[in-house]
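*Asks:* pasting the sequence and the predicted coordinates here, then a few questions.
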Amino acid sequence: MSFLENLVSKLRGEVRFISDKGTLVSYGLTEASGDQAEKQARATLCQFSAACRGFLWKRSEALPDTYTSSRQNQAEKELSKRVQQPGAEVSAGGRAPAGRKELHAAVGPGTEAAEGNRGCALRVPGNCSGLLPPGAARFICKENIVRKEPLQINSLVVIEAMSEKELPGLLILDIGGTYGVQENIVALLKKHFCLITMKEFLENKKEMSKKIQSVFVSECRPTVDQELLESLPNLKVIGNSGVGVDHLNLKMISNFGVKVTNTPHAVADSTADIGMALMLASARRLVEGSQIAISPHTKYFAVDWLGVEVTRATLGIIGMGRIGYKVAQRARAFEMKILYHNRKQRRKEEEQAVGAHYCEKMEDLLQQSDFVMLVVNLTPENHKMIGKKELGLMKPTATLINIGRGALIDQDALVEALQNNVIRAAALDVTYPEPLPRDHPLLKLNNIIITPHIGTATVQAIQMMAEEAIANMLAVLNGQPIPSEVFPK
Ligand SMILES: O=C(O)C(=O)CO
């Protein structure tokens, strides 16, 4: 458990906002004024510093340099110097401004109160004395600033001493590690949810199961099965990070009264980009070429080592949803002839904008295309939609690209087709399973490129996916219109 998580777990129910840097500040509301308010401030601080006692700062950050009065500035500069020292002890202090309703408390690293502090310094046992920099008090008084622009107070962590409403519980697999949610995404989620990892849930099922109202599914994890659904009585929504939901049993989830959402907007550009990257790489034999260029055995570059051109070739897109259409927009810049097959024909203006021609029958598209790209979600109906027969319809010079799901293709049939040059090549971002067993025959072929399902593996895409998932989940929890809900068939 990190320093902050540990602290927050001790102050459970009292946390309103956390920025994970620097000085801790607690604040709350009191109806009292004058002496009474001061008494309450002291009581709050006692609790707060008791919870903090024993912790060492893992990080050191300067207080923001935003205060004006020279005397206060001096005090804060002094404090900043101390804050810079890693491992400085936590100290605590605060004041309750007479006549004000706000009750503030600040905890900053340092061993003594800085001079110039006008707030009431609180001495706590264990060589911790503290202060509330007056500027900081003024600053955090503006509650809306604290909430809306947390980065402006980048060295403050704000903790509400008297709780309002607790943030809704969000179950995630883990933080960091092989399968866990990345730290920057964790920071985004934490602004709106109280995160509960699978381990924390399993260790304290009784208490945690009541808190969890949502599950964040990233890279298909955690697995949402009947057992999990049965143990989460307050679950309202599963926010899938990604567009494909074939790993979720939508019907079963819906029977529990739980909604499922996905992130079709956030994934579109990065996934279309990987489709283009695979098409270009396969056409120009990029991976093979790179190996030749770096091989210690290479003595010369063969003049008859050739690829094929993407420019002005025919691209057949199977699945003309948001991603398919983005592929078409990109392919247009390569002057490609674009054919597409989709459940529904696009509007004429949309077709004209990218120069796409509709093929009602997939067979027509397969016969005419130099590159066939699969851009559909996996459903029980389209499982192995490309098998021996479909591969046989393709041109022997054609390339098959898959950025949908591995199970759209009959992989045994693909191995045979590639071995016998029924088609020229394949480029797959998705396979089944993922990764393929290391002795799988597809891995032994040289007319294939396989990437490790990286359609959305960009810094930007995973952030946008998390933002879209958060918006979806909050909409469900707040009873607002849901931007991207997925319904069972
Ligand atoms: O969004 C998804 O489901 C993806 O797999 C993107 O590659």
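*Replies:* Looks like it came in fine. This is a predicted model, so every value here is computed, not measured.
*Asks:* which SS state does the residue of the chain found nearest the ligand fall under?
*Replies:* Relative to the ligand, the nearest point of the chain is residue 455 (2.4 Å; CB to the nearest ligand atom). Where you see a C-beta, it was placed from the backbone N, CA and C, and this is true even at glycine. Here residue 455 is recorded as coil under DSSP: H, G, I helix; E, B strand; the rest coil.
*Asks:* and for the residue lying closest to it once chain neighbours are set aside, the neighbour number?
*Replies:* The spatially closest residue to residue 455, leaving aside those adjacent along the chain, is residue 271, at 3.9 Å (CB to CB, 6 or more residues apart in numbering). Using other CB atoms under 10 Å, residue 271 has 27 other residues around it.
*Asks:* let me see the backbone angles for residue 271.
*Replies:* Dihedral pair for residue 271: phi -70, psi -40, per degrees, to the nearest 10.
*Asks:* residue contacts, residue 246?
*Replies:* 377, 378, 379, 405, 407 (CB atoms under 8 Å, 6 or more residues apart in numbering).
*Asks:* kindly present these as a markdown table, with separate columns for pLDDT.
*Replies:* Listed next are the contacts of residue 246 as a markdown table, based on pLDDT from 0 to 100:
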| residue | pLDDT |
| --- | --- |
| 377 | 96 |
| 378 | 97 |
| 379 | 95 |
| 405 | 98 |
| 407 | 98 |
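*Asks:* show me just the buried residues among these.
*Replies:* Those of the contacts of residue 246 that meet the buried threshold are 377, 378, 405, 407, by 16 or more other CB atoms under 10 Å.
*Asks:* just confirm the first one is within a strand.
*Replies:* When you say that, I think you mean residue 377. No. Under three-state DSSP, residue 377 sits outside any strand and is assigned coil.
*Asks:* what segments of the stretch 351-489 of the chain are helices?
*Replies:* 362-368, 388-393, 411-419, 459-477 (DSSP state H, counting those that start in this stretch).
*Asks:* check whether the last one comes near the ligand.
*Replies:* No. No part of helix 459-477 sits near the ligand under the criterion CB under 6 Å from any ligand atom; the closest distance found is 7.6 Å.
*Asks:* let the chain start at 365 from now.
*Replies:* Let's use 365 as the start, then, which means that last one is helix 823-841.
*Asks:* contact residues of the stretch 365-514 of the chain facing the ligand?
*Replies:* Residues of the stretch 365-514 of the chain lying near the ligand (CB under 6 Å from any ligand atom): none found.
*Asks:* quick one: which helix or strand includes the nearest residue to residue 714 once chain neighbours are set aside?
*Replies:* Using CB to CB, 6+ apart and skipping residues adjacent in sequence, the residue nearest residue 714 is residue 689, 7.2 Å away. Per DSSP states H and E: residue 689 is located in helix 686-696.
*Asks:* burial count for residue 588?
*Replies:* That count, for residue 588 with other CB under 10 Å as the rule, works out to 24.
*Asks:* now do the one 4 residues further on
*Replies:* The number of residues packed near residue 592 is 19, by other CB under 10 Å.
*Asks:* and it, which of the three is it?
*Replies:* Quick answer, by three-state DSSP: residue 592 is helix.
*Asks:* which residue is the nearest non-sequential neighbour of it?
*Replies:* Per CB to CB, 6+ apart, closest to residue 592 is residue 586, 7.2 Å.
*Asks:* ok, the residue of the chain closest to the ligand - contacts?
*Replies:* So residue 819 contacts 631, 634, 635, 638, 767, 793, 794 (CB under 8 Å, 6+ apart).
*Asks:* OK, contacts around the first one?
*Replies:* By CB under 8 Å, 6+ apart, residue 631 lies in contact with 606, 607, 687, 819, 820, 825, 829.
*Asks:* in a helix, it, correct?
*Replies:* Yes. Assessed with three-state DSSP, residue 631 lies in a helix.
*Asks:* rewinding a little: would you turn the contacts of residue 819 into CSV with distance to the ligand?
*Replies:* Putting those into CSV (distance: CB to the nearest ligand atom, whole Å) gives the following:
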residue, distance to the ligand
631, 4
634, 8
635, 5
638, 7
767, 7
793, 7
794, 7
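*Asks:* if we can go back for a sec, tally of neighbours for the residue nearest to residue 714?
*Replies:* Neighbours of residue 689 (other CB under 10 Å): 23.
*Asks:* ok, now residue 615?
*Replies:* For residue 615, using other CB under 10 Å, the count is 10.
*Asks:* distance of residue 650 from residue 804?
*Replies:* Counting by CB to CB, to the nearest Å, the gap from residue 650 to residue 804 is 22 Å.
*Asks:* actually residue 653, not the one I typed
*Replies:* Applying CB to CB to residue 653 and residue 804 gives a distance of 24 Å.
*Asks:* go on, residue 849?
*Replies:* Taken as CB to CB, the span from residue 849 to residue 804 is 37 Å.
*Asks:* so how far is residue 627 from residue 633?
*Replies:* 12 Å.
*Asks:* er, residue 617 actually
*Replies:* 17 Å.
*Asks:* residue 744 too?
*Replies:* 22 Å.
*Asks:* ok, now residue 599?
*Replies:* From residue 599 to residue 627 the distance is 19 Å (CB to CB).
*Asks:* ok, residue 573 next?
*Replies:* 26 Å.
*Asks:* can you list the low-confidence ranges for the stretch 415-564 of the chain?
*Replies:* 415-529 (pLDDT under 70).
*Asks:* and the helix or strand hosting residue 616, what other elements does it pack with?
*Replies:* In this assignment (DSSP H and E), residue 616 forms part of helix 614-619. Judged by 3 or more CB pairs under 8 Å, 6 or more residues apart in numbering; DSSP states H and E, the packing partners of helix 614-619 are helix 590-594, strand 623-625.
*Asks:* which one of the ones you listed is the most hemmed in?
*Replies:* strand 623-625 (a mean of 24; mean count of other CB atoms under 10 Å).
*Asks:* state the mean pLDDT of that one.
*Replies:* Rounded to a whole number, the mean pLDDT of strand 623-625 is 98.
*Asks:* ok, how many other residues are close to residue 534?
*Replies:* If we define neighbours as other CB under 10 Å, then residue 534 has 23 of them.
*Asks:* let's verify it: helix, strand, or coil?
*Replies:* strand.
*Asks:* for it, give the beta-bridge partners.
*Replies:* residue 559, residue 578 (DSSP bridges).
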